[in-house]
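Chemist: Mind looking at a prediction? Sequence and model below.
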Amino acid sequence: MGRHATGKAVRMAALLLTTAIYDVRAAGATAAGNTVSGIDVRESGAATEIVVHTQATPTFTSYKIEKPLRLAVDVAHGRLGEVDSPIDVGTFAVSQIAASEFSDAQRNVARILIALRREAGYEIRARGHDIVVTITPFEAKPEGPEEAARREAEAARRGEAEARAGALLAQTRAAQALALAEAEAEKAQAAARRTGAEIAAARGEEAEAKRALVLALASAEAAQAEAERQKARGTKAQVALERAQRDADEARAAREQAAGAAHEMDRRAREVIARAGATAAERDEAQRARLQAEAQLARAEAARVQAEKLLAQARDERGAAAKARAEADRERANAEKARAEADQARADAEVARAEVRKANFETEKARAEADRSRADARRANSAAEKARVHELVAVGAKGAADKARAEADRARGDARRAHGEAEEAHAEAEVAKAGRAAQALVADKARVEADSALADAR
C-alpha cells in the first residue's frame, strides 16, 4: 500500500514538473523576443568571422569556456528561428557552431556556442540587427596542400596572364614597328624614285645648259670677232669721217674763196664792160676770167657735195659700228647668263646626287628597321609559344590543385562528420546527464512528498 502510494506520488511529481516546464516554455514562446534568423561564416586567412542575424537590435553577453575551448554568445530575449544546428565550420579557428534556446522564470535566451580549435582572441560587436564575432588565433595558419595548390595555381594564372599580356604587347609593338618600317621603306623608295626622276631631269637640264653654253660661247666669240671687225671698221670710218670733214671744210673754204674770186672777177668784168672805152682783148680776158671763176666755183661745189656724201657715209659706218658693239655686248651678257645657268644646273645636279645618297641611306635604314621588327615579331611569337606552354603547365597545376582540393574537402568532410558525431555524443551525454539530474531532482521531490504523505497518513 505504501509502495503504491509512493509510485503514485512520483508520477504526480513528474507530471507536475513536466507541466511546469511546458508552461514556462509556452510562456517564453508567447513573450516578445529577438529571433535569431541565420548564421553566416566567412574565413579570411587565419581569422574566422561569424555573423549572427537577428530581427531586432540585439542585446547580448559573451564569455569563454575552457575544456573544451568554446565561446558562448547569449542573446537576451532571444529565440531560435529556422537555424541549422550544429554547423560544421572546419576553419583554422573554429570547428563547429551550435545554437540552442533555454528559458527560466525571468528570461528567454538564445545561446550561440562556438567550438574553438585553438587558443584565439575574439572581438564581438553589434552591426545593425547583426552580431559580428571575429575570432583570430594566436598562432599563424600553416599553408596546407590546398592553399599551396591554390597559391601555385594563382601564381600560374598570373604568370599566364602576364605572359599573354607580354606576348600581346610584343606582337602589337612588332606589328606597329613593322608597319612603320614598311611605310618608311615605301616612303624612302618613293623619294628615291622621285629623286631619280629629278636627277634625270637635272642631268637633261645640265646637258641642255652645256649645249646652250657652247652655243652662247660660240656666239659670243663670233660677236666679239664681229665687234673687233666693226671696231676696226669704225676706226677706219672715223678716220674717213675726219678726213671727209676736213675735205668738206676745205671744199667749203675753196668754194667760198672761189665764189669770192668769181664775184671779184665778175665785178671787174662788169667794170671793164661798163667802161666803154675797154678794148675787145680786155673784154675777152674778163670773160675768160669770169668763166674760169665759174668753173672753179662749180668744182668747189662738186667737192663740197662729195665731202658731204663722204661725211654721211662715215656717219653711217660709225652708227653700224656702235650697233655692232651693242650687239656684241648683248651676246656677251647672254653668254655670261648661260654660264651662270650652267653653273646652277651643275649645283642642282650635285644636290640631286646628295638627295639620292640620302634616300639610299634612308632606304637601308628602313630595311634594317624592318628586319629588327621582324626579329621582334619572331621573339614575340616565341614568347607567345612559351606562354602557351606555361598555360598548359598551369592547366596541369590547376588539375592537381583541384584534385588536392577535392581530397582536402573529403578529408574536411570526414573530419566534420567525426567531429559532429563526437559533439552529438557529447550532447547526448549532456542530455543524459541533465535527464539523470532531473530524474534525481524529481525523485528527491517525490521522496520528500512521499515522506510527507506518509507522515500525514501516520
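Modeler: Received the coordinates, thanks. Numbering: from 1, shown residues only.

Chemist: list the helices and strands the longest helix anywhere in the chain packs on?
Modeler: Longest among the helix segments of the chain by residue count, using DSSP state H, is helix 280-457. Of the remaining helices and strands, those touching helix 280-457 by 3 or more CB pairs under 8 Å, 6 or more residues apart in numbering; DSSP states H and E are helix 2-30, strand 87-88, strand 94-103, helix 145-274. The way it works is simple: take the backbone N, C-alpha and C, and place the C-beta from them, glycine included.

Chemist: try 6 Å this time
Modeler: For helix 280-457, the packing partners by 3 or more CB pairs under 6 Å, 6 or more residues apart in numbering; DSSP states H and E come out as helix 2-30, strand 94-103, helix 145-274.

Chemist: quick one: strands adjacent to the second one?
Modeler: The one in question is strand 94-103. Strand partners for strand 94-103, identified by DSSP bridges, are recorded as strand 87-88 (antiparallel), strand 108-116 (antiparallel).

Chemist: Report the angle between the last one and helix 280-457.
Modeler: Okay, so that is strand 108-116. 110 degrees (axes from the mean of the first three to the mean of the last three CA atoms, to 10 degrees).

Chemist: Alpha carbons of the helix or strand harbouring residue 64, in CSV - could you do that?
Modeler: Using DSSP states H and E, residue 64 falls within strand 60-65. The C-alpha atoms that make up strand 60-65 are tabulated as CSV, following Å, rounded to 0.1, in the frame of the first residue of the first chain:
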residue,chain,number,x,y,z
PHE,A,60,24.0,40.1,-25.8
THR,A,61,26.7,38.8,-23.5
SER,A,62,29.7,36.7,-24.3
TYR,A,63,32.1,34.6,-22.3
LYS,A,64,34.8,32.0,-22.9
ILE,A,65,34.5,28.4,-21.7
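
Chemist: show me where pLDDT drops low in the stretch 51-200 of the chain?
Modeler: Across the stretch 51-200 of the chain, the ranges flagged by pLDDT under 70 are 144, 146, 192, 195.

Chemist: For residue 244, see how far away residue 134 is.
Modeler: Applying CB to CB, to the nearest Å, one obtains 140 Å for the distance of residue 134 from residue 244.

Chemist: More neighbours: those two, which one.
Modeler: Counting neighbours by other CB atoms under 10 Å for residue 134 and for residue 244 shows that residue 244 has the greater number, 22 against 18.

Chemist: Tell me how far the residue nearest to the more buried one when sequence neighbours are not counted lies from residue 304.
Modeler: By the measure of CB to CB, 6 or more residues apart in numbering, the closest residue to residue 244 outside its immediate chain neighbours is residue 310, 3.4 Å from it. In this structure, residue 310 and residue 304 are 11 Å apart, going by CB to CB.

Chemist: who has more neighbours, the two?
Modeler: In this comparison of residue 310 against residue 304, neighbours counted by other CB under 10 Å, the higher total goes to residue 304 at 20 against 17.

Chemist: What is the burial count for the closest residue in space to that one that isn't next to it in sequence?
Modeler: Leaving aside its sequence neighbours, residue 304 sits nearest to residue 251 (CB to CB, 6+ apart; 4.2 Å). Burial measure for residue 251: 22 neighbouring residues, criterion other CB under 10 Å.
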